[in-house]
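[1] Sequence and computational prediction follow.
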Amino acid sequence: MTRRWAVNASPIITLTKIGRVDLLIQLCDELVIPQGVADEIQNGGYNDPAVNWIRNEGQKYIKLVDRIAPQVASWDLGMGESHVMSWLITHPDFEAIIDDRAARKAAAILGLSVRGTVSIIAMAKREGYISSARDEYEKLVNVGFRISTDVLLKALKLADE
């Protein structure tokens with residue numbers, strides 16, 4: 001199965017903070033960072049590890065989104081989320097990597113495939129890219145990622161832990 005992902009800012013920011021942005025590249029066959037997402041990240045500050053990554057290695061994954069799809073615009077989401085979902089509308093073989101609750105709800109209603117940072121880590125564990133999902137989830141929490149106990153328990157089960 002070919003994996004094609006369009007990634008929003010939050011997963012990139014969070015995964016760079018814990019030193020695991022490599023999982024996005026390792027786990028999928030084609031990675032796209034819509035220009036609006038790259039712009040959001042670069043507006044975050046010069047010392048942010050995601051800014052450094054997007055300006056260097058991440059550059060090759062940035063793609064222009066010509067316009068925000070009307071059905072996406074009606075949700076009044078952020079620029080990054082809107083660009084990711086607009087990419088999916090014109091590229092239906094892609095899956096969105098988004099953590100934002102409102103954007104995930106909009107994607108579900110629009111029939112777009114979506115997963116988040118938590119499931120990326122579970123997938124990485126199941127496929128042998130990391131030895132412990134629990135350790136990575138702990139790192140996420142330590143850098144300010146919010147995850148409920150219920151979601152964490154479900155994620156650990158998905159990760160076979």
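    Looks like it came in fine.

[2] quick one: W5 is in a strand?
    Yes: per DSSP: H, G, I helix; E, B strand; the rest coil, W5 lies within a strand segment.

[3] okay, now the spatially closest residue to T2 that is not a sequence neighbour: neighbour count?
    The shortest distance from T2 to any non-neighbouring residue, by CB to CB, 6 or more residues apart in numbering, is to D29 (4.9 Å). For glycine as for every other residue, the C-beta is placed from the backbone atoms N, C-alpha and C. The tally of other residues near D29 (other CB atoms under 10 Å) stands at 9.

[4] do you know how far D29 is from F94?
    11 Å (CB to CB, to the nearest Å).

[5] Now do the shared contacts for the two.
    R4 (CB atoms under 8 Å, 6 or more residues apart in numbering).

[6] Just give the nearest non-adjacent residue to A159, would you?
    Per CB to CB, 6+ apart, closest to A159 is A133, 3.6 Å.

[7] and if you look at M123?
    L27 (5.9 Å).

[8] Test my guess that D93 contacts R4.
    Yes: if you go by CB atoms under 8 Å, D93 and R4 touch, sitting 5.6 Å apart.

[9] Comparing the two, which shows the higher neighbour count?
    In this view D93 and R4 are compared by other CB under 10 Å, and R4 has more residues nearby, 17 against 10.

[10] Tell me which residues touch the more buried one, please.
    28-32, 91, 93-95.

[11] got a pLDDT number for T14?
    Reported pLDDT at T14 in the predicted model: 95.

[12] element containing it, please.
    helix 9-17 (DSSP states H and E).

[13] three-state assignment of G144?
    coil.

[14] wait, what's in contact with it?
    Neighbours of G144 in contact, by CB under 8 Å, 6+ apart: none.

[15] Report the separation between it and A96.
    22 Å.

[16] No more questions from me, cheers.
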